[in-house]
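A.B. asks: any chance you could fold what I've pasted below:
(one chain, ligands or ions: 2)
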Amino acid sequence: MDIKKCAPGKELCYSLSQHIGKCAEPVVRTGEKICMGQKIARADGKISANILSSVSGEVTDVKAGSHIAVKNDGMYTPVKGYGQKRSIIRMSEKEIIKHIYDAGVVGMGGAGFPTHVKLACKNNDNIRLLIINGAECEPYISPDFALMVSESSKILSGILVLLRLYKNASAVIAIEDNKREAADIFLKKVKHIKNIKVKLLNSRYPQGAERQIIYSVAGEKIGMDILPADRGYMVCNVSTVKAINDAVCESIPLTERIVTVTGDAVRSPCNLKVKTGTGFTELILAAGGFKGECKKIITGGPMMGKAVYNMDSFVTKTTSALICFLNDEVSACRTTPCIRCGRCVSACPNRLMPLIMAEYALNNDYEAYVRIGGMKCMECGKCTYVCPAKRSLTQMFTAAKKSIKGRGGNSA
Ligand code: SF4
Ligand code: SF4
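C.D. replies: Numbers count the residues shown, from 1 in each chain. Ligands and ions are numbered 1, 2, ... in the order given. All right, here's what the predicted structure looks like:
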């Protein structure tokens, strides 16, 4: 599977909120010259992540709480120590976590949770099973698949770093059976490694979600009110594992990722290696441009992704895909009242009652929304997909959860 390079362009822009938690705090000023791999914003508080520049050049705009803009000088001058190899043999657990923190690594499967926080759980010795999530279950998108085929050695090295943190754990690389090529590569690589196995999963959505993949791999159901780490599981997406290798073993921060650019509006759909901060326009150009008038763009997968309203957006650590359509079929659909068919209930992987949740969300009855478990919605989009009345159920739940969290409400 080919991965093309995408030139980052002259102007890059880094969102200060590329992760779950507090915005990063700028540490550079307008007019300052910076190197590639230099920290330009620091993590603010416990749940936050550093942001590092993917190019060298000059800072042209700093807006706290929003972004940092950088003019690319095209030299890619690395910061001191960039790319230096490190051995983990004598590295302490604390040092491993520190390298991951310094490099600004976050969950790249979509959530963007700061990895140094996730990995440093209360009792690492309790972790029995490390699940390397290569499910990539949403249709259309394939950055993880492309990475597994092209960078399997680095992913394996990242797994070994994680197994240093979790001494009592074994690892399973979980891959859906529509990505056989990747599974075959790892099967060969781990043949002689006792504590790393490969598990082929039936392709099914939303298998890539944390609790769903634990069930598929280990057969254990974990409720939303229990942390997987408390039951001995740690789940890490393959792209994140590769970023962990880069941070710990190669002194390379998270400033690059693979992005799928696809959809019927794109001339040459492809996977691109892209520097964070690159404009979406550059991605479309690298994919051969548009075939016609593009009516809708989604960033992320078609089920969980978000609509993009203009092309003035930039790649972040969690941008997995741009899907571009010639027709906006969703907007063209006419929404009709709920016919209480129950399809949304049958479809929900978290056994929620989307039709009732929608009623409460629409009436801003957030107390009732929380009471019936609405905060357990993982916004997978399945209820919206099956609804014959074409109701935007997931959109309602995203908005309701945001309002509740904004008021400091119940989180689960
Ligand atoms: S699937 Fe749609 S129409 Fe059917 S019960 Fe759910 S919300 Fe109502
Ligand atoms: S988006 Fe719908 S199907 Fe998915 S978890 Fe939420 S309520 Fe359930």
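
A.B. asks: are we agreed that Ile185 is in a helix?
C.D. replies: Yes - according to DSSP: H, G, I helix; E, B strand; the rest coil, Ile185 belongs to a helix.

A.B. asks: mind checking pLDDT for the closest residue to it other than its chain neighbours?
C.D. replies: Leaving out its chain neighbours, the residue that sits closest to Ile185 by CB to CB, 6 or more residues apart in numbering is Ser152, at 4.9 Å. The C-beta positions use only the backbone N, C-alpha and C, and glycine is treated the same way. Listed pLDDT for Ser152 reads 98.

A.B. asks: where do the helices sit along the stretch 1-150 of the chain?
C.D. replies: Using DSSP state H, counting those that start in this stretch, the helices of the stretch 1-150 of the chain run over residues 93-102, 115-119, 143-150.

A.B. asks: low-confidence stretches in this protein?
C.D. replies: Applying pLDDT under 70 to the chain flags the ranges 329-332, 409-412.

A.B. asks: got the domain ranges for it?
C.D. replies: 6-72, 93-249, 256-332, 343-406 (automatic domain parsing).

A.B. asks: how about these in TSV, adding mean neighbour count?
C.D. replies: Shown next, in TSV, are these (neighbours: other CB atoms under 10 Å):
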stretch	mean neighbour count
domain 6-72	19
domain 93-249	20
domain 256-332	19
domain 343-406	18
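
A.B. asks: now these in CSV, with distance to Gly83?
C.D. replies: Compiled in CSV, those are given as follows (distance: least, CB to CB, whole Å):
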stretch, distance to Gly83
domain 6-72, 8
domain 93-249, 9
domain 256-332, 12
domain 343-406, 37
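
A.B. asks: which of these sits closest to ligand 1?
C.D. replies: domain 343-406 (3.3 Å; CB to the nearest ligand atom).

A.B. asks: so is that closest one next to ligand 2?
C.D. replies: Yes - interface with ligand 2: domain 343-406 contributes 347-348, 350, 352, 354, 377-383, 393-394, 397 (CB under 6 Å from any ligand atom).

A.B. asks: look up how far ligand 1 lies from the residue at the greatest distance from the centre of the chain.
C.D. replies: Centroid-distance maximum for the chain: Ile339 at 35.0 Å, with CA atoms, centre = their mean. Counting by CB to the nearest ligand atom, to the nearest Å, the separation of Ile339 from ligand 1 is 5 Å.

A.B. asks: got a list of what the nearest residue to that residue once chain neighbours are set aside touches?
C.D. replies: Computed as CB to CB, 6+ apart, the closest residue to Ile339 that is not its neighbour in sequence is Ala389, at 6.0 Å. Each residue near Ala389 by CB atoms under 8 Å, 6 or more residues apart in numbering is listed here: 335-339.
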